[in-house]
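> Need a 3D model of the sequence below.
(2 chains)
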Amino acid sequence: MAHRIFVSVCLLPLAVFSLAFLALPLVRLVGASVEGPDGWGIYLQILQTRRYLQTLLQTVLVSLAVSAAALAISTTAGLFLARNHFPGRGALLSILTLPLAFPGVVIGFLIILLGGRQGLFNQLLPGHVVFAYSLTGLFLGYLYFSIPRVLLTVMAAAEKLDPALEEAARTLGASSVRIVTDVILPGLAPSLIAAGAIAFATAMGAFGTAFTLATDIDVLPMVIYTEFTLSANIAMASALSVVLGLATWALLLVARSFTGTTVAAGG
Amino acid sequence: MRPSPSWLLQLAVTLLTAAFLIIPALQSILAGFTSNYFRGLSSGLTLKWLGEVWDLYAHSIFLSLWLAAACLFFTLVIGVPAAYALARNPGRLSRVLEEFISLPLAVPGLALALALLQLYGSMSGFRTSWAFILVGHVLYTLPFMVRAVLAVLLAMDLKTLEEGAATLGAAPWTRFRTVVVPNALPGILAGALTVVTLSIGEFNLTWMLHTPYLKTLPVGLADSYASMRLEIASAYTLVFFVMIVPLLVAMQWASDRARRITQ
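Here you go, the predicted model:
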């Protein structure tokens, strides 16, 4: 009996904190979104307003492109590092995973150093290439953010692959390409789907990178931010936040059903 | 054996990716030490910019360290007992609760911050204090602590261990202190390092929750990117790297160690 009471007491701080600072604020957010003159119609209004629709579409497209690119790049590099051992491998692996701890704002600045007005490309190339403040810069920033996360997932999954399967395929005379497409990629598929979904959801909600790079790119988090701070359109900012939160949460839930774990989404 | 074209292609992709990630980071380190970045290294090396960063942003660095320490304290106090309770009751309700407190991993920080602002924004004493930012940090990092500890606790036979201690007459609190916590230490360490690393780097929530008098390190970074010369912004980024990279290395080491224990 004393044990059951003790276990309940252990859960109490978590219950109080989550109720006060997670459950109630989220309820309030949904409440605030329907306090405008249109009520629940505000969600319909998102679909009927050209600017919001375009923003949604643009955010989804950038996020899709980032996920696809991060998957392609990280799977190639991750498999390469998992299957080859050579001098300098450890250093390469460190370089590829260190950015895990970089917040979006810092990554935005790093993209400016590459493609900004005083950036590396603008200094080295004669044509004056400035791409940091455009959709390209945003894409590269999100890619920078996603590569280490997808890479770690791929490498963890590659370690769990049964080498016997590959050996069997080789013994049966399969070419390297066939081994990759018929043995390795199907084995990695659940992790790749999960990693892709995480990259997609993170790109959808990323705020820091967009905030540093530019204000004239309409992606969902930036529009929410400007609706809230500049236009003081609280209801619309809340409604867009609800839509964004539901979308990313649902996506990650689906991703989790493919594999047990998720790598930290991060800021 | 001659390397095949596909092997070379994979090597090229790996090297290019590494270059993409490391070159701008090196640029920022270099720029932080260069007298005039636009004129290049020929303008000479200097520590002047680091000094300016210290004058301008020392308080934001200390605020971040303070918040990270406070955040660690609260995630320990809330998270470790909660993980224990969830481990002892591995039922459906526990799964739902774990899923619910993990929402801040999925829902973007901006949305969470708007939610917090609308519920508590009118309590001006709370709104303008560092405790408001702290709430955001605890909200975001708590699931990492709970999950790290829970994973370790679920991997061992907690019930038998506790029953052994109970037979010897240990009360629940004594068992928690002398059996549960020592056995969970690898998970607690991994969780603690994750919490500190994430708290120091948190921007999305903090940007919305902060006031002009309470700038954390990443908020200061955003501020310097927008309004300071490139050398100062770079020097400040360098300070951030020096703080975050050892933490990340330690965090990965502790997480790998905890994972090996659970396997």
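> Packing partners of the lengthiest helix in chain B?
Secondary structure assigned by DSSP state H gives helix B:48-88 as the longest helix of chain B. Helices and strands touching helix B:48-88, by 3 or more Cβ pairs under 8 Å, 6 or more residues apart in numbering or on different chains; DSSP states H and E, are helix A:2-18, helix B:5-33, helix B:92-101, helix B:130-155, helix B:158-167, helix B:181-201, helix B:217-227, helix B:230-262. In this view, the C-beta of every residue, glycine as well, is placed from N, C-alpha and C.
> which stretch among the ones you listed comes nearest residue A:25?
helix B:130-155 (9.0 Å; Cβ to Cβ).
> okay, the helices and strands packed on helix B:48-88 in JSON lines with mean neighbour count next?
Below are the helices and strands packed on helix B:48-88 laid out as JSON lines (neighbours: other Cβ atoms under 10 Å in any protein chain shown):
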{"stretch": "helix A:2-18", "mean neighbour count": "16"}
{"stretch": "helix B:5-33", "mean neighbour count": "17"}
{"stretch": "helix B:92-101", "mean neighbour count": "14"}
{"stretch": "helix B:130-155", "mean neighbour count": "23"}
{"stretch": "helix B:158-167", "mean neighbour count": "14"}
{"stretch": "helix B:181-201", "mean neighbour count": "23"}
{"stretch": "helix B:217-227", "mean neighbour count": "21"}
{"stretch": "helix B:230-262", "mean neighbour count": "19"}
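> Of all those helices, which one is nearest residue A:119?
With respect to residue A:119, and counting by Cβ to Cβ, the nearest of these is helix B:5-33 at 8.6 Å.
> what angle separates that closest one from helix B:48-88?
In terms of direction (axes from the mean of the first three to the mean of the last three Cα atoms, to 10 degrees), helix B:5-33 departs from helix B:48-88 by 120 degrees.
> and helix B:5-33 with chain A, contact?
Yes. Judged by Cβ under 8 Å from any Cβ of the partner chain, helix B:5-33 and chain A are in contact via B:6-7, B:10-11, B:13-15, B:17-18, B:20-25, B:27-28, B:31.
> For that helix, what is the distance to the chain centroid?
Put simply, helix B:5-33 sits 25 Å off its chain's centre (Cα atoms, centre = their mean, to the nearest Å).
> Likewise for stretch A:226-237?
Centre-to-centre, stretch A:226-237 and its host chain are 24 Å apart (Cα atoms, centre = their mean).
> residues in contact with it?
A:32-36, A:38, A:42, A:45-46, A:215, A:224-225, A:240, B:114, B:118 (Cβ atoms under 8 Å, 6 or more residues apart in numbering or on different chains).
> so after the one helix or strand residue A:107 maps to, what's the next helix or strand?
According to DSSP states H and E, residue A:107 maps onto helix A:104-115. Using DSSP H and E, the helix or strand that directly follows helix A:104-115 along the chain is helix A:120-124.
> moving C-terminal of that next one, what's the next helix or strand?
Helices and strands here follow DSSP H and E; after helix A:120-124, the next one along the chain is helix A:135-160.
> ok, that next one near chain B or not?
Yes. Against chain B, helix A:135-160 shows contacts by Cβ under 8 Å from any Cβ at A:140, A:144, A:147-148.
> Would you mind checking the average pLDDT for that helix?
In this model, helix A:135-160 has an average pLDDT of 92.
> Please name the spatially closest residue to residue B:116 (chain neighbours excluded).
Counting by Cβ to Cβ, 6 or more residues apart in numbering or on different chains, residue B:116 lies nearest to residue A:25, which is 5.0 Å off, once chain neighbours are set aside.
> ok, and what's touching the helix or strand containing that neighbour?
Counting by DSSP H and E, the element that carries residue A:25 is helix A:24-33. Contacts to helix A:24-33, defined as Cβ under 8 Å, 6+ apart, come from residues A:42-43, A:234-236, A:238-239, A:241-242, B:103, B:111-112, B:114-116, B:118-120.
> Buried ones among these?
Burial by neighbour count, judged by 16 or more other Cβ atoms under 10 Å in any protein chain shown, picks out A:42, A:234-236, A:238-239, A:241-242, B:103, B:111-112, B:114-116, B:118-120 from these.
> quick one: residue B:126 and residue B:119 touch, right?
No. The pair residue B:126 and residue B:119 does not pass the contact test of Cβ atoms under 8 Å, sitting 10.5 Å apart.
> Now tabulate the helices and strands packed on helix B:48-88 in TSV and tack on mean pLDDT and distance to residue A:199.
Output for the helices and strands packed on helix B:48-88, formatted as TSV (pLDDT from 0 to 100; distance: least, Cβ to Cβ, whole Å):
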stretch	mean pLDDT	distance to residue A:199
helix A:2-18	91	27
helix B:5-33	93	14
helix B:92-101	90	21
helix B:130-155	95	19
helix B:158-167	88	35
helix B:181-201	95	18
helix B:217-227	93	22
helix B:230-262	92	19
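> Out of those, which is closest to residue A:68?
helix B:5-33 (14.6 Å).
> starting at the chain centroid, how far to stretch A:89-104?
That offset, for stretch A:89-104, works out to 16 Å (Cα atoms, centre = their mean).
> how about that stretch: buried residues?
Residues of stretch A:89-104 classed as buried: A:92-93, A:95-104 (neighbour count, 16+ other Cβ under 10 Å).
> Whatever helix or strand residue A:167 lives in near chain B anywhere?
For residue A:167, the host element (DSSP H and E) is helix A:163-171. No. Using Cβ under 8 Å from any Cβ, helix A:163-171 stays clear of chain B, coming no nearer than 14.3 Å.
> Pull the number of nearby residues for the residue in chain B positioned nearest to chain A.
With Cβ to the nearest Cβ as the measure, residue B:108 is the residue of chain B nearest to chain A, at 2.9 Å. Look at residue B:108: counted by other Cβ atoms under 10 Å in any protein chain shown, it has 28 neighbours.
> next one: residue A:152
20.
> Test my guess that it contacts residue A:97.
Yes. Contact between residue A:152 and residue A:97 holds when scored by Cβ under 8 Å: they sit 6.2 Å apart.
> that older thread, nearest to residue A:247, out of the helices and strands packed on helix B:48-88?
Distance to residue A:247, taken as Cβ to Cβ, is lowest for helix B:92-101 among the helices and strands packed on helix B:48-88, at 17.0 Å.
> and whichever helix or strand comes after that closest one, is it in reach of chain A?
Where DSSP H and E defines the elements, the next helix or strand beyond helix B:92-101 is helix B:103-106. Yes. Under the criterion of Cβ under 8 Å from any Cβ, chain A is reached by helix B:103-106 at B:103-106.
> Neighbour-wise, which one of those leads?
The most crowded member of the residues of helix B:103-106 next to chain A, judged by other Cβ under 10 Å, is residue B:106 (25 neighbours).
> and chain A, what are its domains?
Split into domains by automatic domain parsing, chain A comes to A:1-33, A:38-258.
> Now do the last one: distance from first to last residue.
Using Cα to Cα, to the nearest Å, the gap from the first to the last residue of domain A:38-258 comes to 39 Å.
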